[in-house]
Structure formats: C-alpha cells, structure tokens
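Peer 1: sequence and predicted structure, then a few things I'm wondering about:
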Amino acid sequence: MTRDTAELVGEALLRHGVSRRAFIKFCTAAASALALPPGAGLAMAEQLRQRPRPSVVYLSFQECTGCLESLTRSFSPSIEQLIFDVISLDYDDTLMAAAGEAAEAARTKAMKDNFGKYVLIVDGSVPTGAGGAYCTAGGRTAVDMLREAAQGAAAIVCVGTCSSFGGIPLADPNPTSAWPVSAIVSDRPIVNISGCPPIPELITATLLQYVSTGQVPELDSHLRPKVFFGNTIHDRCYRRPFYDQGKFARTFDDEGARSGWCLYELGCKGPTTYNACATVKWNGGTSFPIESGHGCLGCSEPGFWDKGSFYAALPEASWGKAGRTAPHQVLELGAAAAAAGAVLGLAAAGVSRLHQRHSEQSGDQGDGPQGGATGG
Amino acid sequence: MSAPADMLSAHVTPAQERAPEERVAGAMRTFVQEVGALSAFRLESCIHCGICAEGCHFYIATEDPKYTPIWKVEPFKQAYKREASPFAPFFKLFGLKREVSAEQLGQWQHLLFDSCNMCGRCSLICPIGIDVAALIEQARHAMFDAGLAPAELYQKAARQRETGQPEPSAEPYREQLLAIGRRFGVEIPLDRAEADVMLCVPRTDIEQYPSAVAALARVMQHLEASCTFRSDALVAENYGYYAGGKAWQRDISLRLIEQAIACGAKTLLVPECGHAYTALRWEAADLYGRPLPFQVRHVSEFLAEELQAGRLKLKRADTGRTTFHDPCQLVRKGGVNEAPRQLMQALGVDLHELKNHGGFSFCCGGGGGVVDIERAAPLRYRVMENKLREIDDTGAENFLTSCSDCRHTFDDARAHFGWDKSPRSLLELVADNLSSADGRS
Amino acid sequence: MDLLGFARGPALKVAIAVFCLGVVWRIVGFALLRIRRDLSAPRRALLKTLGAGAWTVGTRSWPHPEFIGRTGAGEALGYSYHLGLFAVVLLFTPHILFLRSLFGVSWPGLPSSLITIIAVLTLTLFLAVLFRRITNPVMRMLSNFDDYFSWFINALVLVTGLAATAHVGGPYERLLALHILSVDALLVWFPFSKLMHAFYIFPSRAINGALLARRGAVS
C-alpha cells in the first residue's frame, strides 16, 4: 500500500472521486466531535488539502485486531473510510497486500523516508517476557520494533486499551509480562485512545486534528484526549434519571430491564469509566452497550479486566477471585478474626481474674466475701 | 474534726488517716477484687449522654454538672479501663489513662457521699440500662478501704459493729425498749427462746419516735403473732452499708441473722426503715455466703400480707387529704410498691399521689447517710426544696411514709424551713386503727 | 492497584478482620470476669424476670413520663440521627449491594433521591448533636476523645458518602474510594470506642430490667 508520499491530500481525494463538499462534511463532523469552534472544520479541510499526505506506520502487537476492525468496519460506505484517503498508511500488516520480506521492506523504507515526521499508530500490548519472544514478526521482537519505530515518529497514537494500558494481556497473571506503549517509550508525544475497542470516530477525529494542526489535543492524566475521555459514561448516560430515582434492573430480562432502567445492579461500571460511548455511541451513532441493555464493562480504563467481575456492582466488596467477594469468604475471615479475638479476650479476662485472686490473697482480710447483690 | 471550709477536701477520722499511696492502694485493691463481669459491663456501656444527671435531684436542684451520677464513679471507670478492661495493656502502654491519685479520691468523697442518697433514680433513667447506683455502691466500698468514708458514717459504723448501737446512749437500747413498752402500755416480747417472727427497731424510732416502736409491738400483739425482740440485735439500721464498709456491713447484718437463727424465726421483720430492708432483704444473703434460712419482710409488706389473709382488720382512718412519700430503698430499689397502698386503701385514706411517686419518687434527701453528714446539710436543704414543694402541690394536709430516717429528715427540714408539715408513720396509722372481730380496737 | 481497588479490597479485608477480632476480644474480655450469683430470695419467678428483662429493652427506648420533660428532647435528637443513619446505611441500593456481596442477603431499598434527603437531614442532626455535646455543661464535662473522634469518623462517612453521591469534590472514583476508606476506618475504630454500645445496649437494658424485676421493682 505504499504510495507516493509527495502526493497532496487534495490530489488523492480527487483521484478517489471524493468531492470537496464531502471532505468538508467529514472534517466538520470530526471538528464537532472534538468540540472545536465553528469554522474549525472548514479550516481543517482547507489546511489538509494543501498538505502532503502524512505517512502513517501502524504496528500491531499483542492484540486481537478488534481496534483495527472497529476502524475499518462499515455497514455502508462510511465517511470514516475517508481517513484512509487523507493519510498514507504505509504499513499495516493486516490491511496491506504485501507480506513477508516485502512488507517489512516497505515499512523500513517509509520510516527512513519520513524519519521524524511519520505518525506511529500502535495497537496491542508489548510483551517483554522471555526476552520479548511472545510476540515477534520477521524474527524481531515487538519491543525492538517499537523502540525502533518510536525513534523516527513525530507522535505515537495508541489505539485501544492494550496499547494504552496493557489491556487483557496485562491482566492477572500477566504471563507474557505485557506492558503498555507508554511504559516502553517515554520520549515521544503519546496519545492514548483507549477502549476495547475504541469508538472509531475518536480515532479518526484525533488523527485528523493531529495531521491538520500538528497539535496533540488536550490530554488527561492517562494521556487520553480530554474532549472524549473527560466525562464518565455515567455523566452522559440517558438512563441517569433512573439511577437517581433508584430504579434498577435486577436481572437481564426483568420488568426493570424491559423498562430501560439503570443497570447499576447488573454491574455497570459507567460511573468510573471515562469514554464517549454515551454521546458519540457506536456504529455511526446507533447505540452503545447500556442502550442495548448491558452494563458498561469499563473497557477504556486501566486494569478493567482485574477490577472485578463485569456483573459485580460497583459498591460490592472486591477481594476474591476475579475481584468478587463471596459471602463465605467474609464468613471465614470474620470467624477467623473472631476466634483470634476470643483467645485474646480469654487471655485478658484470665489476667484480670488472676490479678483479682492475687489481690485477695495478699490483701488485708477485712473485706470478707465478695458479696453485694447489686454488685458483681 | 470540724468540717473544713472547702467542701471538696476529704473529711475523715484520725483512725482513717493514712499515706496517699496507701489510700490509692486500698481503693484499687477493693475495686479490683469487686469488679466482675456485670460491673465491667456497666462501666463499658456508658456513652456519656448525661441523661443520668436529669434523674438526680442533686443535679436538678443545683444544675452543677459535677453531680452527674456517672461522674461520681469516674475515678473507678478510669481505673477499670487502665487495670481490668480487655484493652488494659493498651491504656497502660500508651498512657491513655492516668493512674487514680489520692487527691482525686479525696475530692470524690464529696461526690460519692455528700451528694448521693443512693436512691437509684439514675439507674431508672439511663437509656442504656446501666445500674449507676450499683456502681456507686461499689465505689463507696473502695472509698471506705481508702480510708475516705465520711467521718460521721465511719464512726457510727465502727461503733455499731462493736456494740450494736451506732451511737452511745445514756441507757442501753434494751432498757429504753422496755421503758417504751411501759410508757405506752404495750407488751414488748423480748428474748423469747423461740418465735416465728424476729423483730427489730430503727434506733431513730427508739430515740425520736417511740410511738412507732409501741405501734409495732401493738400490731404484733393484735395479730397474736409469735414474735420476739432479741437484745443482742435490736437495731435495724446498718451504718456499714452507708459507710461502704462491706465487712462491717456483713458483721452488722450477721448480728440479726444469728439471732434470727437462734430463735428459729421463719421471718425477720424489718421495721419502718428503708436501707435496712436493702441490707437485709437483698444484700445480706451474699454477705452471709448462702441463702438465708428465713424470709425477710418489711413491716408494710408483712402487714399487707396479713391484710390479704384476713388476719389484719382495719378501721377507717381520718387523715384528710393525704399523700405518701415512697422511701427509695423500699420501693424503687426494694420492690415494695403495692403494700403501703393496700394498707392505705384498707384504712380509707384519701390518697393524692405525689407528681413523682412509686418507683419514680424523689428521695427525701437524707438517704445514703447524707442526713448524718454535717457539712452536707446546706446542699441537702437545697435539694429538699423540690420535694417539699411537691408535697405541698398535692394540697395534702398530711403525708405518710414508711421509713423512720425519712421521717427524721423531713422533721429536720421542717425545723430548718419552718415548714408546716410533718410525716406520719404508716405503721402508727395502722396501729391506731386496728379493728378486731367484735369491733373493739 | 488504584485507590478504589485498595479501599474495597485489602483495606476492607483488614478492616473487617480488625472489627471482628476487636469486638469479640472486648466482649469476651469482660464477659468472662467473675459473675456472682445473687443469693437473696427473688420476688419473681425466673421466667417472669427474664421476660421483664426483654420487656425493658423496649421500654427503656423511651423515657418514662416522669422523665420526659427533662430528657425527651435530647433522646429524640439522639434517636433521630440513629434512625437516619440506619435508613441511609440499610435502605440505599448501593449499600444493599455492598452488604449483599458480603453476606449474600438483600432487601428492597428506598428511592435514591429520598435517601439523599434523609442523609442531608441526618448530617444536620449530627451537627446539632455535636453542638449540644459542646454546649451542654454535663455532656461537656463527661466528653473525652472517644466521644469526639467517634462523632468525627461517623460524620466523615456521611460527608464522603454525600460527596460521592452528588459527584462533588473530585473524580467519582476518588470520592467513592474516600468514602469506602472512611468506612474501613470506622470499622477499625469501632471495637475500641463507645460505638460498641451498639452491641451493649440491648443486653444491658435486659440485664438491668431483669435484676430490677427480680426484686419486683419498676424498670
């Protein structure tokens, strides 16, 4: 898929028969999602058209390919596809036609030709166990490839929770010693677009903004664009009134569930999950998990897989297997602690009584028997 | 031994003098020996709500927080936490509670003796159900062993233990008893070898209300009861109980117990005295070490039983509008609530109950030995104002009671305040209104 | 592990353990001290005595008419905030879910907005109660560190809970973590404090009532 990277974006769009109007529409939608001021979409479109198509290298490590699938999914021709006309995707081992040595050669050339300027997109976590042998391509470990690619990258965009936070491979017991990209690379600007998978619009809008302005959007403490990850699902959830009223679905098909009540009791992690699912939604704004009747899994958060069962409600205690506490564990803990307490109490009472007896024996005998009807 | 100007310092006899460390050691020793599961539970349960103060007439009359009942046992709560509680090691290790000091104990004499009638109202009001009065009783034991029982109580207890009389008298009580019999023309059964009922008298009656002594004898004669006084155990009161000297309390009670056993009595009759009832009915068995081989009855409940059985017949008494003062030890702490009222009903008394009556009655103010403590008098009079007002508020011309110490306390107040009332003894009223089968009294 | 995970994971585990250990230690430690048999002849039969004790548990819940004038307001204040706390702790759905995860039982809750109102009222009563403790001369004299710290820890739980529910004062997961940590702190403090009266109050009333009834005295 290597193209002549000197071609301007506008030229590429023309070649694909994408009208100026359509492209402005695309840019405006992205600008709106990014909460940029009016007119920004038009400016973005005009700027981009004049630019050479930016080189993008997409490296996939320990991933399920869900993130790429999310990006490329289309029921009908999706305007999101236009991103592929804007950028020059010089390497993507899933999408590209070439394979083997030829594919690697294309990557190396693109990185060399655009050194310091290409955007590195990464999905999947990076294993360091067994010297990195858990993930290799062409005999090279993921760690090596990442480090090498990072050197010439202008910015790194981590797509998905695996590359952002380690995701499922990092979950307990983390057999491959998987790490997020930010744990391996620290000297390049990193943007995490987490989610398992992320909403495609978030990826394209962020990319668009970066390639058109050269600026990374404002990020939160987890390096995620604040505009998309600044609120929790709970903050924007349309079922919030039911939460406030205390109307909860108790099982997946009960009266409450059918009435569209809040899914808090069924384990929804909405209150602690930062993402744009409740506003931008999925499949072109069709729906999102809660709207479809299933609680939020919290998939855009670090360690979501280890944070407790998806069906354990947020306030539940979480110190067992899969973070869910079973009543018998509590009983065992309580009983053990109570037994220990009983021993200590026995000891304390024993010491007191010994003290009493000792005092009686050595004390003056004038006190007589220990009577006193109201005493004791 | 004049009372010190500062009421908060200790007032004791020379016999009670000892070094500060000895005082603390004595108090702690007794305290440690006495604390058991129940008193520990009580000390543990206090949540510092201060409601006990609202039941105590010393606090009500003065609004002085130091009279809060549970505060009266504060040094012992402290000692419990430090010495005997389950977390005692922590308290000691981290210095969370200081050791009780001799000065503290000295200051507490006023709180535990001058300002507590041992009336038990605090135990009734506590929302947690702590028997505060019981804790105060235990605290008095510790104070006694610290040599800190008030001088007047200590002296009377010492003398009573030794001689059977709390105070010396010109003539021994035995002779005075017989003289009363002659004066009032009633037979005094004395030192009979065998009797069903053993009698005794409050020495307050011998000295101040001899008609009550005569009334007792007359009533027993009317009932043709097999009864006797015993010279070696004439006095009902127990100053050991007031002073907090448990061993002395036991010795004093033992006199009566041994004499009752000696004459084969089935009933030990407690005359009109409140604390004597507590000491004998409820505490003597434990001090004796085994259940008593006879029943203990207060004269009012004995007479009520005789009334129910039809053996006691009464005429109607004309006392006008009347009220009744419930002696604390008898009613609130002793459980003899109905008997006086059954007797008054049989006598046709026009009874108008006090606002706080029965188990809720306010103490006369003299209980717990307070009336014997000179320096406590000003405080006692202040406290009694409420009670006198309550009695006046019923509009009663007369009021009755069934405890001679209460009578004495009210008469003392009458003199102090110039009050217009004096309590009459229920026993005397019964004795004055006996009716026999043929209508003769 | 993040703060929330810590609060409801290891911290909660330790808190529950310390709570159980401390409560049992304390109760066994004094309950096994000497119990003296009362050798005096009881006025009532044993069964009646025990029944009276049980009855006193209820009757001591409210002052006798003779005492109400002086104690009614204070007791009403005290009970009100207790009732408020019980309602919030036991009838708020997230709490019911928490307890269900510990004990396996659950029950229906009240609407969450109603609970918020009750919690705010309870907090107001809490402040009133502290004011009373500080200004009433008897209570001020009696009060020690235990009284004030127990109040503080309870108030902290209430305040952090309200903050979490209202999503005020920071990111939600931090507010929730602070609330759960304050509950953990409460559990650890509980056995060493006056809060133990929760366990003492019913047996204490029952015992006092029974001992009084044994004598035929009013309780």
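Peer 2: That came through fine.
Peer 1: strands along the stretch 151-300 of chain B, start to end?
Peer 2: Secondary structure of the stretch 151-300 of chain B, counting by DSSP state E, counting those that start in this stretch: strands at B:197-199, B:227-229, B:267-270, B:295-298.
Peer 1: what domains does the record give for chain A?
Peer 2: As assigned by automatic domain parsing, chain A contains the domains A:53-228, A:233-306.
Peer 1: contact residues of the stretch 1-150 of chain B facing chain A?
Peer 2: The stretch 1-150 of chain B has residues B:29-30, B:32-39, B:83-88, B:131, B:133-134, B:137-138, B:141, B:145 near chain A, with proximity defined as CB under 8 Å from any CB of the partner chain. For every residue, glycine as well, the C-beta is placed using N, CA and C.
Peer 1: which of these are close to chain C?
Peer 2: Answer for these near chain C (CB under 8 Å from any CB): B:35-38, B:84-87, B:131.
Peer 1: check the closest residue to chain B within the stretch 101-250 of chain A and give its pLDDT.
Peer 2: Closest approach between the stretch 101-250 of chain A and chain B, counting by CB to the nearest CB: A:Gly246, at 33.1 Å. A:Gly246 carries a pLDDT value of 85.
Peer 1: which residue is nearest the centroid of the chain?
Peer 2: If you meant another chain, say so; for now it's chain A. A:Ser300 (2.4 Å; CA atoms, centre = their mean).
Peer 1: other chain: chain C
Peer 2: For chain C, the residue nearest the mean C-alpha position is C:Ala198 (4.8 Å; CA atoms, centre = their mean).
Peer 1: and whichever strand or helix holds it, what's buried?
Peer 2: Using DSSP states H and E, C:Ala198 sits within helix C:197-214. By 16 or more other CB atoms under 10 Å in any protein chain shown, the buried positions in helix C:197-214 come out as C:197, C:199-214.
Peer 1: any idea of the mean pLDDT in it?
Peer 2: Across helix C:197-214, the average pLDDT comes to 94.
Peer 1: touching it from outside, list them.
Peer 2: Contacts to helix C:197-214, defined as CB atoms under 8 Å, 6 or more residues apart in numbering or on different chains, come from residues A:374, B:38, B:41-42, B:44-45, B:47, B:123, B:126, B:128-131, B:335, C:23, C:27, C:38, C:42-44, C:48-57, C:59-60, C:218-219.
Peer 1: now list the buried members of those.
Peer 2: Buried among the contacts of helix C:197-214 (16+ other CB under 10 Å): A:374, B:38, B:41-42, B:44-45, B:47, B:123, B:126, B:128-131, B:335, C:23, C:27, C:38, C:42-44, C:49-50, C:52-53, C:55-57, C:60, C:218-219.
Peer 1: need the domains of chain A in JSON lines with distance to C:Val14, can you?
Peer 2: Converted to JSON lines, the domains of chain A look like this (distance: least, CB to CB, whole Å):
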{"stretch": "domain A:53-228", "distance to C:Val14": "21"}
{"stretch": "domain A:233-306", "distance to C:Val14": "20"}
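Peer 1: looking at those domains, which is nearest to chain C?
Peer 2: Using CB to the nearest CB, those put domain A:233-306 closest to chain C, at 3.8 Å.
Peer 1: any idea which element the residue of the stretch 201-350 of chain B found nearest chain C lies in?
Peer 2: Nearest residue of the stretch 201-350 of chain B to chain C, counting by CB to the nearest CB: B:Gly335, 3.0 Å away. Counting by DSSP H and E, B:Gly335 is held by no secondary-structure element, helix or strand.
Peer 1: and the residue of chain A found nearest chain C, what element?
Peer 2: Using CB to the nearest CB, the single residue of chain A nearest to chain C is A:Gly345, 2.8 Å away. Following DSSP H and E, one finds A:Gly345 within helix A:327-362.
Peer 1: got the buried residues for that helix?
Peer 2: So, applying 16+ other CB under 10 Å, buried residues of helix A:327-362: A:329-330, A:333-334, A:337-338, A:340-342, A:344-345, A:348-349, A:352, A:356, A:359.
Peer 1: cool, and stretch B:246-255?
Peer 2: Buried residues in stretch B:246-255 (16+ other CB under 10 Å): B:246-253, B:255.
Peer 1: cool, and stretch B:104-115?
Peer 2: Neighbour counts over stretch B:104-115 (16+ other CB under 10 Å) mark B:105-115 as buried.
Peer 1: pick out the residue of chain C closest to chain B.
Peer 2: Residue of chain C nearest chain B, by CB to the nearest CB: C:Gly29 (2.5 Å).
Peer 1: what about that residue, how many residues close to it?
Peer 2: Neighbour count for C:Gly29, taken as other CB atoms under 10 Å in any protein chain shown: 27.
Peer 1: didn't it look like it was pressed against A:Val343?
Peer 2: No. Judged on CB atoms under 8 Å, C:Gly29 makes no contact with A:Val343 at a distance of 10.7 Å.
Peer 1: for the residue of chain A closest to chain C, which non-adjacent residue is spatially closest?
Peer 2: Closest residue to A:Gly345 apart from its sequence neighbours, by CB to CB, 6 or more residues apart in numbering or on different chains: C:Val28 at 2.8 Å.
Peer 1: can you give me the buried ones in the strand or helix carrying that neighbour?
Peer 2: According to DSSP H and E, C:Val28 maps onto helix C:10-31. Counting neighbours by 16+ other CB under 10 Å, one finds that the buried residues in helix C:10-31 are C:11-31.
Peer 1: for that helix, packing partners?
Peer 2: When contacts are defined as 3 or more CB pairs under 8 Å, 6 or more residues apart in numbering or on different chains; DSSP states H and E, helix C:10-31 packs onto helix A:327-362, helix B:37-45, helix C:172-189.
Peer 1: can you list the buried residues in the very next helix or strand once past the second one?
Peer 2: What it means is helix B:37-45. The first helix or strand that comes after helix B:37-45 along the chain, using DSSP H and E, is helix B:57-62. For helix B:57-62, a neighbour-count test (16+ other CB under 10 Å) marks B:57-61 as buried.
Peer 1: can you check stretch C:180-196 too?
Peer 2: Neighbour-count burial for stretch C:180-196, counted by 16+ other CB under 10 Å, picks out C:180-184, C:186-196.
Peer 1: quick one: residues contacting the residue nearest to B:Leu190 when sequence neighbours are not counted.
Peer 2: If the residues on either side of it in the chain are set aside, B:Leu190 comes closest to B:Phe229, at 4.9 Å by CB to CB, 6+ apart. Listed by CB under 8 Å, 6+ apart, the contact set of B:Phe229 reads B:177, B:188-191, B:198-201.
Peer 1: hang on, the earlier thing: out of the buried residues of stretch C:180-196, which are close to chain B?
Peer 2: The residues of those that also fall near chain B, by CB under 8 Å from any CB, are C:192, C:194, C:196.
Peer 1: and stretch A:175-193, is it in reach of chain C?
Peer 2: No. Using CB under 8 Å from any CB, stretch A:175-193 never reaches chain C; the gap is at least 15.1 Å.
Peer 1: what about that stretch, start to end distance?
Peer 2: 25 Å (CA to CA, to the nearest Å).
Peer 1: who are the contact partners of C:Gly53?
Peer 2: By CB under 8 Å, 6+ apart, the neighbours of C:Gly53 are C:205-211, C:213.
Peer 1: how about B:Phe360?
Peer 2: B:121, B:124, B:332, C:64, C:66-67, C:218.
Peer 1: which of those residues lies closest to B:Tyr209?
Peer 2: Distance to B:Tyr209, by CB to CB, is smallest for B:Arg332 among the contacts of B:Phe360, at 23.2 Å.
Peer 1: helix or strand for residue 121, which one?
Peer 2: You didn't pick a chain, so chain A it is. Following DSSP H and E, one finds A:Ile121 within strand A:118-123.
Peer 1: wait, chain C was what I had in mind.
Peer 2: helix C:112-135.
Peer 1: and A:Val126, by the same measure?
Peer 2: strand A:126-127.
Peer 1: distance from that strand to the middle of the chain?
Peer 2: Strand A:126-127 sits 16 Å away from the centroid of its parent chain (CA atoms, centre = their mean, to the nearest Å).
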